[in-house]
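K.L.:
curious how this folds, go ahead:
(one chain, ligands or ions: 1)
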Amino acid sequence: MSERIAYVKGRFVPESEATVSILDRGFLYGDGVYDASRTFGGQPWHLRAHIDRLYLSCRYARLDPGMDADEMEALTMELIERNRGVYDEGEEFRINHWVTRGGGVSSAATHTHGAHTVVIFTLPMDYTRYAHGYREGVPSVVTGVRRIPPECIEPRAKVGNKMNHVQADFQAAEAGAWPIMLDINGFVAEGSSYNCFFVRDGEILTPTDYNCLVGVTRTHVIDMAKELGIPVRETNLTRYDLLIADEAFHTGNSICILPVSSIDGTPMTHGAPGPVTKRLMDLWASQVGCDWAAKSLAAIEDC
Ligand code: PLP
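P.N.:
Predicted structure coming up:
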């Protein structure tokens, strides 16, 4: 297998030579933004939506990638083409974009242009952590770790400093589960790298975008639900709403739709995947012509 190629600060280089300075503020302080997307059948999925969100994150963080979104998209497609020999035909991979404030210009946090770092790279999908969940769901817990409030860091921006989410992951891992974070007012916010959905009496419920990332997958799931005639409500939810939900699932670019088997030890009454969750999974698979859940399961079973 040939080596993956990455794009780093204006150059396409083999991944083993892709380096960023120790003075880069992204490394030093998490002073950067990023986005992550994936392929279906080896083709990028909703790439432009991810790039558009990256640019919104850049505007919020006052970062200048030094190119517009069209150029970023073209560069990404070029990178994908340069990596074609690396991935098998139809193999899925992840596409990662990072923009950091760079370094070496000044120790001040506030330079808004000049030495900003742009990195784009691809990675193979790693299904090991979650593929089994498509068959039986993943247990989830409401963590004591709360989501950083919008008054501190805007959750709609995808920023580089993930310590809040890492703390939630650690806490959930102690229970062998996936974290669901509340905001500081006790309303459900999101998971550590995914949005959270619940189903009750045939209606899909999900937090508003006040305290969560506007996931590209979240938007897609809401659109699919509308297509299927399933009502969706974006609303404030508390732990009580989760405990009485019939079904639940998490969404994100890697996991797509990941069924939840239990919340705080309480099993979902309609199972995992529940019927509404399954309808969404099936529609998405038919839209992209790829049964991504089966493909993930096959990948871990082959190992
Ligand atoms: N919430 C957080 C905190 C995330 O990091 C992510 C994905 O990376 C998501 C939600 C899901 O977003 P998307 O569906 O665009 O991948």
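K.L.:
roughly how far is stretch 184-203 from the heart of the chain?
P.N.:
How far stretch 184-203 lies from its chain's middle: 15 Å, per C-alpha atoms, centre = their mean, to the nearest Å.
K.L.:
same thing with stretch 86-93?
P.N.:
Remark: stretch 86-93 is offset 20 Å from the chain centroid, using C-alpha atoms, centre = their mean.
K.L.:
how about stretch 66-77?
P.N.:
Relative to where its chain is centred, stretch 66-77 has its mean C-alpha point 20 Å off (C-alpha atoms, centre = their mean).
K.L.:
can you pull the residues of the protein lying near the ligand?
P.N.:
36, 165, 190, 193-195, 212-213, 215-218, 251-253 (C-beta under 6 Å from any ligand atom). Placement of C-beta: from N, CA and C, glycine included.
K.L.:
so which of those sit within helices?
P.N.:
Under the assignment DSSP state H, these contribute His165, Val216, Thr217, Arg218 to helices.
K.L.:
and those, which two are the farthest apart?
P.N.:
Maximum pairwise distance among these (C-beta to C-beta): 17.5 Å, between His165 and Val216.
K.L.:
could you report the neighbour count for the residue of the stretch 1-150 of the chain found nearest the ligand?
P.N.:
For the stretch 1-150 of the chain, the residue closest to the ligand is Ala36, as judged by C-beta to the nearest ligand atom, at 5.3 Å. Neighbour count for Ala36, taken as other C-beta atoms under 10 Å: 18.
K.L.:
what about it, distance to Asp169?
P.N.:
As judged by C-beta to C-beta, to the nearest Å, Ala36 and Asp169 stand 16 Å apart.
K.L.:
show me where the stretch 51-200 of the chain has strands.
P.N.:
Using DSSP state E, counting those that start in this stretch, the strands assigned to the stretch 51-200 of the chain run over residues 93-100, 117-124, 138-142, 178-182, 188-190, 195-200.
K.L.:
now these in JSON lines, with mean neighbour count?
P.N.:
Formatted as JSON lines, these follow (neighbours: other C-beta atoms under 10 Å):
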{"stretch": "strand 93-100", "mean neighbour count": "22"}
{"stretch": "strand 117-124", "mean neighbour count": "20"}
{"stretch": "strand 138-142", "mean neighbour count": "22"}
{"stretch": "strand 178-182", "mean neighbour count": "26"}
{"stretch": "strand 188-190", "mean neighbour count": "27"}
{"stretch": "strand 195-200", "mean neighbour count": "24"}
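K.L.:
can I get the ones you listed in CSV with distance to Val13 and mean pLDDT?
P.N.:
What follows is the strands of the stretch 51-200 of the chain, written out as CSV (distance: least, C-beta to C-beta, whole Å; pLDDT from 0 to 100):
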stretch, distance to Val13, mean pLDDT
strand 93-100, 15, 97
strand 117-124, 10, 97
strand 138-142, 37, 98
strand 178-182, 35, 98
strand 188-190, 34, 98
strand 195-200, 34, 98
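K.L.:
now tabulate those strands in JSON lines and tack on distance to Tyr60.
P.N.:
Below are these laid out as JSON lines (distance: least, C-beta to C-beta, whole Å):
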{"stretch": "strand 93-100", "distance to Tyr60": "12"}
{"stretch": "strand 117-124", "distance to Tyr60": "17"}
{"stretch": "strand 138-142", "distance to Tyr60": "28"}
{"stretch": "strand 178-182", "distance to Tyr60": "20"}
{"stretch": "strand 188-190", "distance to Tyr60": "17"}
{"stretch": "strand 195-200", "distance to Tyr60": "19"}
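K.L.:
out of those strands, nearest to Glu151?
P.N.:
Nearest to Glu151 among those is strand 188-190 (13.4 Å), distances taken as C-beta to C-beta.
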